[in-house]
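*Asks:* This is a predicted model, with the sequence first.
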Amino acid sequence: MEKEKLKKKEIRMSNEDKMIQLAFSIYSNPGVYVLLIGSGVSRAAGIPTGWEIMLDLIRKIGAVSGEKEIENPEKWYWDKHKEKPTYSNLVKRLARTQEEQRGILRGYFEPNEEEREAGEKQPTKAHKAIAKLVKEGYIKLILTTNFDRLIEKALEEEGVNNYQILSTKNKIKGKAPYIHRVTIIKLHGDYIDGEMKNTPEELS
């Protein structure tokens, strides 16, 4: 029992040492480190994951088709349309124009009045801490798999406005090197563009 306690203490101290080393390294080498952000940061703000959005879109298509409850949305969609669900084909079935498509997706990422009052879909402490690191020059390049704009909002609230967003192949052309300008690379796309990637085929 005593050995287990000592082992846990050693692991805890080892993790603390690693965090201290990382903090010193970032402090001593501003702009060298790249930040990778996953869905957990946005999920904590009340924003659904890409998979959750896809399932909800399928349920909406089902509702339009007269289906009241769908237990297995992915299977239902395959049985009904004989194709794997993707953002592109789901949104196209629900909206005709790009503006209508953005309107459908906006509700997942932008807070309504009730959500705003509850503090949902707003930058979290993590987003704000990242924005401070960027403002102070420690982070210049952010890679994110998230579709939302909480990082951008946190940066603007911190007074960082001179940043660039790369979310599609076309946007990469002619952009300033990240060493000269704060850059956010959205690996899975941006809901504003309507080009969101979630399936293995899309991400390839």
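*Replies:* Thanks, I have the structure now. Numbers count the residues shown, from 1 in each chain.
*Asks:* Excluding chain neighbours, give the residue nearest to the residue most central in space within the chain in space.
*Replies:* Among the residues of the chain, the one closest to the centroid is residue 146, at 1.4 Å (CA atoms, centre = their mean). With CB to CB, 6 or more residues apart in numbering as the measure, residue 42 is the residue that lies nearest to residue 146, at 4.7 Å, once sequence neighbours are left out. Placement of C-beta: from N, CA and C, glycine included.
*Asks:* Secondary structure element for the one you found, which one?
*Replies:* Using DSSP states H and E, residue 42 sits within helix 39-43.
*Asks:* hang on, the earlier thing: does the residue nearest to the centre of the chain touch residue 40 like I think?
*Replies:* No - Residue 146 lies out of contact with residue 40 (CB atoms under 8 Å); the separation is 9.6 Å.
*Asks:* Can you work out which residues contact both of these two?
*Replies:* Common contacts of residue 146 and residue 40 (CB atoms under 8 Å, 6 or more residues apart in numbering): none found.
*Asks:* Which residue ranges of the protein form helices?
*Replies:* 2-28, 39-43, 50-64, 73-81, 87-94, 98-109, 113-117, 125-135, 150-157, 169-172, 200-203 (DSSP state H).
*Asks:* got any ranges where the protein has weak pLDDT?
*Replies:* Within the chain, the ranges that satisfy pLDDT under 70 run 1-13, 178, 194-203.
*Asks:* what about stretch 88-105, how long is it end to end?
*Replies:* End-to-end distance for stretch 88-105: 12 Å, by CA to CA, to the nearest Å.
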